[in-house]
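Colleague: Dropping a prediction and its sequence here:
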Amino acid sequence: MKRFMTYLLNGIFFTTVIMIAISVATIALTRKVNQYRTQSSRGIKATVIKKEVPILSYSRGVVKKINARVGLEVKKNAVLAELDNPSLRSKVDVLGAYEDNVSAQTEAKVAKEELKNLIITAPVDGVIADVAASEGSPVETLTKFMTIYSNNNVRLLAQLTVDQYQIIQKLPEVKAYSPRLNQNFTLKPYILSPDEKTPVQYEEKKIGLYFKLANESDASSLLQNEDLDLQLETAGEKIIKPVDYFVNFWNGLLLMGDTARVTRPN
Amino acid sequence: MTYKNSIMQHRIKTKKIHNTALLFIIIAPITILYYASYVFDPVHMGNPYLYFLQIFADAIAITIVGTLWVTILLDMIQPEYHKRELKYDKKWLEKSKVKVDILIPVAREPIDIIELTVRNALAIDYPHTTYILDDGDSDDVKRLAHELKVIYVARPPHAKSFAKSGNLNYGLKQCKGEYFAVFDADHAPKKEFLTELLPFFENTNVALVQSPQHYTNTDNFIASGTAQAQEIFYKYVQPAKNSYNAAFCVGTNMVYRRSSIDDIGGIAMRDHSEDIWTTILIHEKGYESVFYNKVLAEGRAPESIPSFFRQQNRWARGGFTLFFTHNPLFIRSLSIDQRLQYFFSNIHYFSAFAVLIYLLLPLMYLLFNLHPMDVKHNNGWLAHYLPYFITVYFLPWFLLGTLKLSTISTSIASFAPYLQAFISVFLKNKYQWVATESKKVSFNVIMLQIWPHVFFIVLSLLAIAVGWYNPEDVMTTMVTSFWVLMNSYFLFSFVKNGLIQT
């Protein structure tokens, strides 16, 4: 009897100890998986960087009309502004009267060409970033009076931790989610950005990585400096592993993870 | 015998020290300072709470190893003219014909073990009177005493207090000898015991002559681990303490001068660790103690987990009680050497905190990804840590030339009884004295004692599984897993071998 009690008590104690150990490990694993999910699905921002194209005036004159305002989307060759130069125009008129004079005709031709320069068109597809002149104001030769964010060669810059970078390195393409548009974009890793700042002590080292859009036509819907969420898992089909069932179960039970995040619609 | 020879004969001989011990003396400060310069630099701090624990544990470990280093070094470098003078002349013994009593306090130990000790005590080749002081009121012991014609003393039930010290003091009332030797029931003396030790008493200031505890049951796992740890103490620490007149009594295999003990009011009345308290009283009164490093009795180390833990707990309680209630560092009547040596012995038991922290920190990394040190400097940490680790873990190898698994296992596993002792000293729990190798407690629930170890082993294996789910840093995870596996293996072999014995 005494012997039986000894075995029983030992058994109860042993089971209790093992149960406590398993609980600690379960909490740890659930925490770790949740952390990993957060790290891989959220929190990594990729910032849209568009090239700034300056619009210059090639001749002097007065701004007659501006067809552009900040934020306007423009196509290549669209007329952005018209300048006027009355003296040049009258010069053409005056010189045009001397039909027999060859040198006058030549000069008139040059002036006419110059008049063509007074119509300013967009060199690339893009969005007007800045307008520095207003209608009626004079413009000198070769001054920048507009800027366009080009839709060509759009890049996205993300600051990654070493392990995030290692994950991305293995992927051919990465999905990025825009909360503004509620839309997914496909990105391709492009080049590493050079380290500009010296890393701050006690701070984890980050790697800057540039992405390119897989589909160039997506560029028009993205804004300059807009942040997209990189989604490391959605690059391929999301694979549900046994550990996910385990963790989801405990998340539900212990209210540990943010379940809303996992079920967010794409 | 010339004076110088007599001194030389009773100091530990230099050739007994392994060359590796010299190696330890040389490399320990280098590796320790190298590691300390790294770990105590807050630039390398990771998680601040864990970092605090880490430096706390390191400070304890470094202090303990450092005190051992200082003790051995100071003993080694003592110049000849500065060495302690010990009178030792066997002719004095032949002339003086002193009367000696031998006291064997017993408390429910197995009768065959008691019988062996008593028979050996009777066979000692110097005239003496043997007493069995029975605290267990055992008829078997009474019969044995009658059979072997030794004096049987049992305390009346109302006088039963203060365990062994009470028993000894009660027994001393019956004794008339000028000297008395004490043997625990499981320590059988050799026949030359008295003739070897008594000559030291020619110096009338010597109150205590102690010989080492020597364990013969080293085929047992736990016992062999204990034996090796003891070996360091008796080979290096006690001889060093002896040269500062700070060797202390270890409860058995020693001879006391009766008049000195009467002078300090008898054996110190304590529930446990009366040996070290008595020695402190002796030293406080200005008497001397002598440690004679020659095995003159063969004892048995605890073989089962409960008895091992009980022994360690008792020793640790002694250390902690002394530290917190009567800290030898502040006893004015002791010399500075004695104060330091007692203090060094006391702080040994704080190693439990270091061991506990060292066991837990790698688990914190695997489970929760928390590091005490900054991960940025991982390689630097390993480079600084490895030499230090080897110095500390291979300490028995340096000092004894061998390194047994059982030594590491038992010394790691004993963090549990140490901590238990610490807590009970703080809660002022009363100590229930049970002899080291007593049969009466065999129905204990063993899990009550080994649950920290089982918990650690189980959690370690689970932690490794968790750690390898998406490891942040493969190299660190690998090193940590290896470290955790090694620790659990040490604890596992302790538990396994202990359970077989229990």
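Modeller: Everything's here; your move.
Colleague: Please make it C-alpha for all contacts and neighbour counts, starting now.
Modeller: OK.
Colleague: which ones are touching the residue nearest the centre of chain B?
Modeller: Nearest to the mean C-alpha position of chain B, counting by Cα atoms, centre = their mean, stands B:Gln230 at 6.0 Å. B:Gln230 sits next to B:Gln213 when contact means Cα atoms under 8 Å, 6 or more residues apart in numbering or on different chains.
Colleague: and it, helix, strand or coil?
Modeller: Secondary structure, DSSP: H, G, I helix; E, B strand; the rest coil: B:Gln230 is helix.
Colleague: For chain A, what is the nearest residue in the stretch 51-200 of chain B?
Modeller: B:Tyr51 (14.2 Å; Cα to the nearest Cα).
Colleague: So which bits of the stretch 151-266 of chain A are right by chain B?
Modeller: Residues of the stretch 151-266 of chain A lying close to chain B (Cα under 8 Å from any Cα of the partner chain) are A:Asp163.
Colleague: What ranges in the stretch 151-266 of chain A fall below the confidence cut-off?
Modeller: In the predicted model, the stretch 151-266 of chain A carries pLDDT under 70 at residues A:195-204, A:233-240, A:254-266.
Colleague: what are the ranges of the helices in it?
Modeller: Using DSSP state H, counting those that start in this stretch, the helices found in the stretch 151-266 of chain A span residues A:162-169, A:242-254, A:259-262.
Colleague: Likewise for the stretch 1-150 of chain A?
Modeller: Under DSSP H, counting those that start in this stretch, the stretch 1-150 of chain A gives helices at A:2-41, A:86-97, A:102-116.
Colleague: Make a markdown table from the ones you listed and add mean pLDDT, mean neighbour count and distance to B:Leu22 to it.
Modeller: Shown next, in a markdown table, are the helices of the stretch 1-150 of chain A (pLDDT from 0 to 100; neighbours: other Cα atoms under 10 Å in any protein chain shown; distance: least, Cα to Cα, whole Å):
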| stretch | mean pLDDT | mean neighbour count | distance to B:Leu22 |
| --- | --- | --- | --- |
| helix A:2-41 | 85 | 17 | 44 |
| helix A:86-97 | 79 | 15 | 102 |
| helix A:102-116 | 81 | 15 | 97 |
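Colleague: what's the closest of these to B:Ser289?
Modeller: helix A:2-41 (46.1 Å; Cα to Cα).
Colleague: Relative to B:Leu23, which of the helices of the stretch 1-150 of chain A is closest?
Modeller: helix A:2-41 (41.8 Å).
Colleague: Nearest residue to the residue of the stretch 51-200 of chain B closest to chain A in space, ignoring adjacent ones along the chain?
Modeller: Closest residue in space to B:Tyr51, ignoring its immediate chain neighbours: B:Pro372 at 4.1 Å, by Cα to Cα, 6 or more residues apart in numbering or on different chains.
Colleague: wait, what's in contact with the one you found?
Modeller: B:Pro372 touches B:Met45, B:Gly46, B:Asn47, B:Pro48, B:Tyr49, B:Leu50, B:Tyr51, B:Phe52, B:Leu53, B:Gln54, B:Leu361, counting by Cα under 8 Å, 6+ apart.
Colleague: What subset of those residues is buried?
Modeller: Among the contacts of B:Pro372, those classed as buried by 16 or more other Cα atoms under 10 Å in any protein chain shown are B:Met45, B:Gly46, B:Leu50, B:Tyr51, B:Phe52, B:Leu53, B:Gln54, B:Leu361.
Colleague: For the last one, which residues are in contact?
Modeller: In other words, B:Leu361. So B:Leu361 contacts B:Leu50, B:Gln54, B:His371, B:Pro372 (Cα under 8 Å, 6+ apart).
Colleague: so the second one sits in a helix?
Modeller: Yes - applying three-state DSSP, one finds B:Gln54 inside a helix.
Colleague: Quick one, grab the pLDDT at it.
Modeller: pLDDT recorded at B:Gln54 is 94.
Colleague: now the third one
Modeller: We have a pLDDT of 88 for B:His371.
Colleague: so the residue of the stretch 51-200 of chain B closest to chain A sits right up against B:Asp41, yeah?
Modeller: No - contact between B:Tyr51 and B:Asp41 fails when scored by Cα atoms under 8 Å: they sit 10.6 Å apart.
Colleague: any idea of the mean pLDDT for stretch B:176-193?
Modeller: Averaging pLDDT residue by residue across stretch B:176-193 gives 93.
Colleague: go on, stretch A:134-150?
Modeller: So the average pLDDT for stretch A:134-150 ends up being 83.
Colleague: could I get the helices of the stretch 151-266 of chain A as JSON lines with distance to B:Tyr126?
Modeller: Converted to JSON lines, these look like this (distance: least, Cα to Cα, whole Å):
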{"stretch": "helix A:162-169", "distance to B:Tyr126": "78"}
{"stretch": "helix A:242-254", "distance to B:Tyr126": "75"}
{"stretch": "helix A:259-262", "distance to B:Tyr126": "84"}
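Colleague: that older thread, how far away is the residue nearest to the centre of chain B from A:Arg37?
Modeller: As judged by Cα to Cα, to the nearest Å, B:Gln230 and A:Arg37 stand 53 Å apart.
Colleague: if we can go back for a sec, which of the contacts of B:Pro372 lies closest to A:Lys109?
Modeller: For these, the nearest to A:Lys109 is B:Gly46 (76.2 Å; Cα to Cα).
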